[in-house]
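1. how would this look folded up:
(one chain, ligands or ions: 1)
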Amino acid sequence: MPATKAAQLKYIASLVAECHKCSLFKTAINHVPGDGNPEADIVFIGEAPGEQEDKQGLPFVGNSGKLLDKLLATIRIDRSEVFICNILKHRPPNNRDPMPDEIRVCTPFLKAQLKIIAPKIIITLGRFSMKFLFPDESISRIHGQIRNISWQGLPLVIIPVYHPSAGLRNGAMLQALQKDFLSIGKFLEKIQ
Ligand code: URA
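-> Residues are numbered from 1 along each chain as shown. Predicted coordinates for the structure are as follows:
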């Protein structure tokens, strides 16, 4: 019998815990593989763990996570229904941007997680996760759009939105995020 999705995700998390393919493990406290429902239809992908995430080993538990929870509440989604993870599984020092080599060696974990979960919908948070699926696009151009793609044989709906941290810094970004979440809510109502 095939292992459950939960067991397979746990195995990926154990590989992340041992990963020395870039230097981030040296400065990080914890690995942050991702968290949530292994059977989720919706996966959220952020950028990389920040300070709180590094301390707790969980994604989006700091200020960006609090805003994400509020945005999720506006579309009546609870974290327990979705899976949340990041492009990088260890915190970059001082929350600097992920480097191309770090993304290259870390995204095989994300790919494996997506293949196990096989979600219907992916919501990318910020430009790094948007670029993972749309390398030639710009977030300012495509945020809020509902895009159907075939990714590694999986039919997926992708909805890129700005990163919650941008919404914490800038009122216009917050308005864009709120508007994009309303579009997500309407789309979910339509397909249910
Ligand atoms: N920002 C991210 O991109 N991911 C987290 O987990 C926390 C903050």
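
2. dihedrals phi and psi, Met173?
-> In terms of degrees, to the nearest 10, the main-chain angles of Met173 are phi -70, psi -40.

3. what about the closest residue to it other than its chain neighbours, how many neighbours?
-> Leaving aside its chain neighbours, Met173 sits nearest to Ala166 (4.2 Å; criterion: CB to CB, 6 or more residues apart in numbering). Where you see a C-beta, it was placed from the backbone N, CA and C, and this is true even at glycine. When neighbours are defined as other CB atoms under 10 Å, Ala166 has 21 of them.

4. Ala166 and the ligand, how far apart?
-> As judged by CB to the nearest ligand atom, to the nearest Å, Ala166 and the ligand stand 11 Å apart.

5. do Leu24 as well
-> Distance of Leu24 to the ligand, computed by CB to the nearest ligand atom: 14 Å.

6. didn't that residue look like it was pressed against Leu88?
-> Yes: here Leu24 reaches Leu88: they are 6.9 Å apart, a contact under CB atoms under 8 Å.

7. related to what we said a few turns ago, hang on, the residue nearest to Met173 packs against Ile139?
-> No: assessed by CB under 8 Å, Ala166 is found out of contact with Ile139, at 9.1 Å.

8. beta partners of the closest residue to the ligand within the chain?
-> The ligand sits closest to Gly46 of the chain, with a gap of 3.0 Å, by CB to the nearest ligand atom. When bridges are called by DSSP bridges, Gly46 pairs up with Asn86.

9. identify the residues contacting it.
-> Contact analysis of Gly46 by CB atoms under 8 Å, 6 or more residues apart in numbering lists 59-60, 64, 84-87, 125-126, 129, 163.
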